[in-house]
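Peer 1: need a 3D model of the following:
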Amino acid sequence: MEILKLFKKRYSDFRTYATFNRKPFFDIAKKYCEEDKKILDIGAGDGAFADYVDKKDIYLLDGNEMSCEKLREKYKNVFNHKIPKVFDFSNNFFDVIHCSHVIEHLEYSDAYEFIKELDRILKPGGILIISAPLMYTGFYNDFSHIKPYNPAVLLKYLVNGISDSSTSTIISSSYKKENLVYRHTFTQDIPIKSFGNKDSLLNKMFYLLHLIKLRLGFGIYEKSGFTLVLKKN
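Peer 2: Predicted coordinates for the structure are as follows:
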C-alpha cells in the first residue's frame, strides 16, 4: 500500500509539472508570499506572477522599459534594471525573491554576480525561488537563451559550500533546500536505435520500428526545467 501511495503521489506531481503552464510553478512560490512579506519579482515581464499572487505592494524588476511602463499602470514599485548591475536595494531588504526564467539569458560571469546580489538583498530567514529551463530539445529555440544552469550549481554555491574545483568563490553555505521540482516536456525527437553503423537488415528494422512508434504517438518526457526553493538561514 505504501508503494501504491508513493506511486500515486509521484505520478500526480509528474503530471502537474509536465506543462509549460506557469501556474503550477507559481503555486509553489505563492505559499511563501504572505501578506506581511516584502516580495521581489525579477523578470516581471507582463506581470503574470504579480497578478497571480495579487499583491499590489510587490516589487517588480524588469530589463525592458516598455514592460515597466505597462506594469506601472497597476503597480507602484516597478524598476527598470539591467542585470548584472548592483541592485538599488539595501542589504537584507526582501523576505521573498522570485526569479523566473532569467538566469538562462546570462553569461556565466553575469549569472554569478547576479546570484551574489540576490544573496545580498535577501534577509536571513528569507526565501529564494528560482525557475529556469534545463538543456532540452527546445532550449535554443529562443535566440536570447545563452546557457542552461541546472539546480546543482545553485545548490553548490548557496547550500553545500563545496569549493573543490570551483572556478569562483562559493557565495554562501547558509541556505537550505526547501523544495525542488522538475518540469517535463513531451517530445518525439528521440534517438534512433541501431546495431552498429552498417546498412543491415536489422538496422532497417530498427528504423521502421522507430517510424511506427512516431506514427502511433510514442515519445519521451525529458526534463526541461525546474523550480528550486531555498531558505536563507
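
Peer 1: so what does the host helix or strand of Ser12 touch, helix or strand wise?
Peer 2: Using DSSP states H and E, Ser12 sits within helix 2-17. Contacts defined by 3 or more Cβ pairs under 8 Å, 6 or more residues apart in numbering; DSSP states H and E place helix 2-17 against helix 23-30, strand 175-187. Using the backbone N, CA and C atoms, a C-beta is placed for each residue, glycine as well.

Peer 1: same for the shortest one, what does it pack against?
Peer 2: Counting contacts by 3+ Cβ pairs under 8 Å, 6+ apart, helix 23-30 packs against helix 2-17, helix 48-53, strand 94-100, strand 122-133, strand 175-187, strand 220-232.

Peer 1: who touches that helix?
Peer 2: 16-17, 48-49, 52-53, 96, 98, 100, 129, 131, 179, 181, 183, 227, 229 (Cβ atoms under 8 Å, 6 or more residues apart in numbering).

Peer 1: buried ones only from those residues, please, as a PyMOL command.
Peer 2: Selecting only the buried entries of the contacts of helix 23-30 in PyMOL, with 16 or more other Cβ atoms under 10 Å as the criterion:
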select buried, resi 17+49+52+53+96+98+100+129+131+181+183+227+229
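
Peer 1: so which of the helices and strands packed on helix 2-17 is nearest Glu65?
Peer 2: helix 23-30 (24.6 Å; Cβ to Cβ).

Peer 1: where does pLDDT dip in this protein?
Peer 2: 162-166 (pLDDT under 70).

Peer 1: tell me which of the helices and strands packed on helix 2-17 is the most buried.
Peer 2: helix 23-30 (a mean of 18; mean count of other Cβ atoms under 10 Å).

Peer 1: still on that earlier bit, dump the helices and strands packed on helix 23-30 into JSON lines; add distance to Leu71 as well.
Peer 2: Formatted as JSON lines, those follow (distance: least, Cβ to Cβ, whole Å):
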{"stretch": "helix 2-17", "distance to Leu71": "27"}
{"stretch": "helix 48-53", "distance to Leu71": "8"}
{"stretch": "strand 94-100", "distance to Leu71": "15"}
{"stretch": "strand 122-133", "distance to Leu71": "19"}
{"stretch": "strand 175-187", "distance to Leu71": "25"}
{"stretch": "strand 220-232", "distance to Leu71": "22"}
